[in-house]
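Asks: Structure, please.
(one chain, ligands or ions: 2)
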Amino acid sequence: MKLTDIKNGNLSAEWAEKGYELPKFDVEAVKSKTHAEPTWVHFGAGNIFRAFPAAILNDALNSGKYDRGVIVAESFDYEIIDKAYQPYDNLSLLVCLKSTGDIEKKVIASVTESLKADYSFGADWARLVEIFQAPSLQMISFTITEKGYGVAPADLERGLTPVLAMGKVTALLYERFKAGKLPLTVQSMDNCSHNGDKVKAAVFAYASKWVEQGLVPAEFLAYVKDETKITFPWSMIDKITPRPDAKVQKMLADDGFEDNYTIVTEKHTFTAPFVNAEETQYLCIEDHYTNGRPPLELGGVLYCDRETVDKIEKMKVCTCLNPLHTAMSIYGCMLGYTLISAEMADEDLRSFIQKIGYIEAMPVVVDPGVLNPYEFIGAVINRRLPNPFMPDAPQRIATDTSQKLAIRFGETIKAYEARGLDKSNLILIPLVLAGYARYLTGLDDNCRPFEISPDPLLAELQAIVAPLKVEAGEQDFSCLKALYSRTDVFGVDLYAVGLGEKIESMAKELFAGPGAVRATLHKYVKAR
Ligand SMILES: NC(=O)c1ccc[n+]([C@@H]2O[C@H](COP(=O)([O-])OP(=O)(O)OC[C@H]3O[C@@H](n4cnc5c(N)ncnc54)[C@H](O)[C@@H]3O)[C@@H](O)[C@H]2O)c1
Ligand SMILES: O=P(O)(O)OC[C@@H](O)[C@@H](O)[C@H](O)[C@H](O)CO
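Replies: Ligands and ions are numbered 1, 2, ... in the order given. Next up is the predicted model:
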C-alpha cells in the first residue's frame, strides 16, 4: 500500500481490510478546481497542518458539501516539500491515537499543491503570485511557530525581496494589492497569544518600511490597514501532535503501508508521509473574513467573536494546557524522561502541573462560556497527557522555550499584578522559571549532559548562566539578574514584580548538586 496508489487508481482491498479510510471525494476534480480558483493557502507544511487544518478540510470535502482544497506554502524548510509532500502527490496519512487504544488511519487528500515560498524557486514563487492575484482567494493561514512571526531590522532593509516569512507574505499581499486591492483574510493558527495581532504587526512593519523607502505607494499601507479589505482574526488551536513516532511507523510497516519512514531535515524538522496525533481537537476562530471563507465548520471549527477567542485562548495557552506542557518538559528533560505519558505516572510531576493549573493559574481565567475551563483542564490532566498511546516527548515541547515563557507564565503573572492578587500565592510557577536556568546548563539531574532542544535564544541565555556550577556549596547567583529581568523572555521583569529573589533562591536549591532537581521539585510540590 502506497499513497501514490490513490492517484494511480491502484487500490487493493487491503486498504479497507486494514482499516484505512480513503477520500470520499474526487481528488483529481478538487485538485483542478483548486488550481483554477484557489481559496486557501496555508504557510507552514509541518505536522500540525497535516493533522488538523488539512484534516478538517478533508472532512468538509468528504461531506460532499465543498469542492476546494488547500495549497500549502513552505517559507522556511524547503526540504519538507521535497521529501514529505512531492513524492506522495501531497497526500498523507493521519494516524489518530485514541486514549482507548483505538487507532484510526485516514488518508488526507485535501492538499492540492505544495510550493516553496521563496523567490529563488522561480516557478513556485510565480505560482504563488498568480494565486495571490486570484479574486477567488479567501484566506491565508499559518502554523509557522511563534518565531516565524519575527521581523528583523536587517530583513526590513532588504526591500521587496525579504527572506523572513512575514516579509514574503507582505510581498505577496503587495501583488494582491496591484491586482485590484482584492480582499483577503490573514489567519494565524499558531499558539501565540492574540496570534492575529502578531501577523498584523509584522505585515504593518514591512509595509510601513517599504512606503518609507519609496518602494511601494502609501495606498498599499492603507490597503493592509483597511479592515474591509484585509483582516487578521485571532484563533485558538488545540490538538497534541507529536513528531512522527517509530512505534507508529512500525505499526504501519506491519500493515504493509510502505510510506512509513521518518525524515529529519537539516533544519531539524521531524516530518514523514504520515502524522500521528491525538483525537481531541479544538479550533476556534474569530469570524471576521472579508472575501468569504472555506466552510470549515463542516470539519468542526467553532467560529465566534474575538472576545470569546481571547478567553478560550487564555484558558488553553496561558492556563490549562500549554503552561503545564512547558513545566513538565523543562523538568522532564532534566529528570531523563522522553515520554509525556510516563511523566504523568511520576507523582511529583503530575502533582506539579495539577497544582500549577488548578491553584496558581486558574484564579485568573475567565470562563469563555463555550468551553468549561474545569472540564478542559480535567481532560488534559486525566485523559490527554496520560494517554499511553501518544508518543509525545518533553524534548519536542521544550523546543523554543524562550519564545513561550512570556505567554505561558508571563500572562498569569501580569494578571495577578493587574488584579492586585497576592503574588505570594505563586510558588510553583516561579519554580518552573527557576528550573529554566537549571535546564539551560544542559546537565540532567545526575549531572550528565542531555541534548537541549533547539531555541533561537539558546546561546545567548546559556551564556548568562555559564558562570554557575551544579555543585554543593556557596556560589554567586547574581548573574541570574540578567536572565530574570528579561521582559522579552518572561513577559515581565520578574524583579520588578517581586518574584526575582524568590526565583533566585529556588535556583540555588536546584543547582545544589546531583539529585537537587528531584529534591527541590518534591519539596515544593509536596508543601503546596
Ligand atoms: N504540534 C502541536 O501539538 C501543535 C498544536 C497546536 C498548535 N501548534 C502550532 O503549530 C506550530 C507548528 O507545529 P508543528 O507541529 O507543525 O511543528 P513542525 O516542527 O512539524 O513544523 C514547524 C513548521 O514551522 C515552520 N517554521 C519553523 N520556523 C520557522 C520560521 N522561523 N519561519 C517560518 N516558518 C518556520 C517549519 O518550516 C514548519 O513548516 C507550533 O509552534 C504551534 O504554534 C502545534
Ligand atoms: O507547538 P509549540 O511548540 O508552540 O508548543 C509545544 C506544545 O505545547 C504544543 O504543541 C501542544 O502540543 C499544543 O498546543 C496542543 O494543542
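
Asks: which residues touch the closest residue to A406 other than its chain neighbours?
Replies: Nearest residue to A406, sequence neighbours excluded (CB to CB, 6 or more residues apart in numbering): G491, at 3.3 Å. For glycine as for every other residue, the C-beta is placed from the backbone atoms N, C-alpha and C. Taking CB atoms under 8 Å, 6 or more residues apart in numbering, we find G491 in contact with L405, A406, I407, F409, G410, E411, I413, K414.

Asks: what's the distance between the closest residue to F49 other than its chain neighbours and L215?
Replies: Spatial nearest neighbour of F49, excluding adjacent residues (CB to CB, 6+ apart): T143 at 5.1 Å. Distance, T143 to L215, using CB to CB, to the nearest Å: 29 Å.

Asks: wouldn't T290 be in contact with L184 here?
Replies: Yes: the criterion here is CB atoms under 8 Å, and T290 meets it with L184 at 6.7 Å.

Asks: So for those two, which residues contact both of them?
Replies: Common neighbours of T290 and L184 (CB under 8 Å, 6+ apart) are K229, I230.

Asks: who's in contact with the residue of the stretch 51-200 of the chain found nearest ligand 2?
Replies: Residue of the stretch 51-200 of the chain nearest ligand 2, by CB to the nearest ligand atom: N191 (4.0 Å). Contact analysis of N191 by CB under 8 Å, 6+ apart lists E146, I237, V317, N322, K404, I407.

Asks: Reduced to three states, what does it come out as?
Replies: Three-state assignment for N191 (DSSP: H, G, I helix; E, B strand; the rest coil): coil.

Asks: Spatially nearest residue to Q403, not counting backbone neighbours?
Replies: Nearest one to Q403, counting by CB to CB, 6+ apart, is E146 at 4.4 Å.

Asks: Please, where are all the strands along the stretch 101-250 of the chain?
Replies: 103-108, 111-116, 139-142, 184-188, 230-231, 235-238 (DSSP state E, counting those that start in this stretch).

Asks: okay, these in JSON lines with mean pLDDT, mean neighbour count and distance to ligand 2 next?
Replies: Shown next, in JSON lines, are the strands of the stretch 101-250 of the chain (pLDDT from 0 to 100; neighbours: other CB atoms under 10 Å; distance: least, CB to the nearest ligand atom, whole Å):
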{"stretch": "strand 103-108", "mean pLDDT": "97", "mean neighbour count": "18", "distance to ligand 2": "18"}
{"stretch": "strand 111-116", "mean pLDDT": "98", "mean neighbour count": "22", "distance to ligand 2": "20"}
{"stretch": "strand 139-142", "mean pLDDT": "98", "mean neighbour count": "24", "distance to ligand 2": "12"}
{"stretch": "strand 184-188", "mean pLDDT": "98", "mean neighbour count": "25", "distance to ligand 2": "12"}
{"stretch": "strand 230-231", "mean pLDDT": "98", "mean neighbour count": "21", "distance to ligand 2": "23"}
{"stretch": "strand 235-238", "mean pLDDT": "97", "mean neighbour count": "24", "distance to ligand 2": "4"}
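
Asks: unless I'm mixing things up, L433 is touching V492, no?
Replies: No: in this structure, L433 is not within contact of V492 by CB under 8 Å, at 10.6 Å.

Asks: What are the structural domain limits within this protein?
Replies: 5-304, 306-527 (automatic domain parsing).

Asks: okay if I get these as a markdown table plus distance to ligand 1?
Replies: Shown next, in a markdown table, are the domains of the chain (distance: least, CB to the nearest ligand atom, whole Å):
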| stretch | distance to ligand 1 |
| --- | --- |
| domain 5-304 | 2 |
| domain 306-527 | 7 |
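
Asks: who are the neighbours in contact with C479?
Replies: Residues counted as contacts of C479 (CB under 8 Å, 6+ apart) are I464, V465, A466, P467, L468.

Asks: ok, so of the residues you listed, who is nearest K247?
Replies: Of all the contacts of C479, K247 sits closest to V465, with 35.5 Å by CB to CB.

Asks: Next, count neighbours for the closest one.
Replies: Neighbours of V465 under the rule other CB atoms under 10 Å: 21.

Asks: That one and D89: what is the separation?
Replies: Going from V465 to D89 by CB to CB gives 48 Å.

Asks: cool, E227 as well?
Replies: In terms of CB to CB, E227 sits 38 Å off from D89.

Asks: so how far is K469 from F511?
Replies: From F511 to K469 the distance is 7 Å (CB to CB).

Asks: Those two: which is more packed in?
Replies: Counted by other CB under 10 Å, F511 and K469 do not tie: F511 has more neighbours, with 24 against 13.

Asks: Can you check the pLDDT for the more buried one?
Replies: Per-residue pLDDT puts F511 at 98.

Asks: please begin residue numbering at 50 from this point
Replies: Got it, first residue is 50 now, which makes that one F560.

Asks: Pull out the buried residues from the lowest-mean-pLDDT helix or strand in the chain.
Replies: In the chain, no helix or strand scores lower on mean pLDDT, DSSP states H and E than helix 54-57, which sits at a mean of 86. By neighbour count on 16 or more other CB atoms under 10 Å, the buried set for helix 54-57 is D54, I55, K56.

Asks: so who does the first one touch?
Replies: Yep, that's D54 we're talking about. Going by CB under 8 Å, 6+ apart, D54 touches L60, S61, W64.

Asks: and with 6 Å instead?
Replies: With contacts defined as CB atoms under 6 Å, 6 or more residues apart in numbering, D54 is in contact with L60.

Asks: now do the last one
Replies: When contacts are counted by CB under 6 Å, 6+ apart, K56 touches D138.

Asks: And it, how far from P322?
Replies: Note on K56: its distance to P322, by CB to CB, is 14 Å.

Asks: Which pLDDT does the model give S400?
Replies: As predicted, S400 sits at a pLDDT of 98.

Asks: make that N59, sorry
Replies: So N59 comes in at 78 (pLDDT).

Asks: now it, what's its secondary structure?
Replies: N59 is classified as coil under three-state DSSP.

Asks: Phi and psi next, for C353.
Replies: For C353, the backbone dihedrals are phi -150, psi -170 (criterion: degrees, to the nearest 10).

Asks: pLDDT at the spatially closest residue to it that is not a sequence neighbour, what is it?
Replies: Once flanking residues are discounted, C353 sits nearest to C333: 6.0 Å by CB to CB, 6+ apart. pLDDT, C333: 97.

Asks: what do you get for C241?
Replies: As predicted, C241 sits at a pLDDT of 89.

Asks: Also T290?
Replies: pLDDT, T290: 98.

Asks: Would you mind measuring from it to V366?
Replies: T290 is 15 Å from V366, by CB to CB.

Asks: what's the answer for K530, then?
Replies: Distance, K530 to V366, by CB to CB: 28 Å.

Asks: Likewise for H91?
Replies: With distances taken as CB to CB, H91 is found 20 Å from V366.
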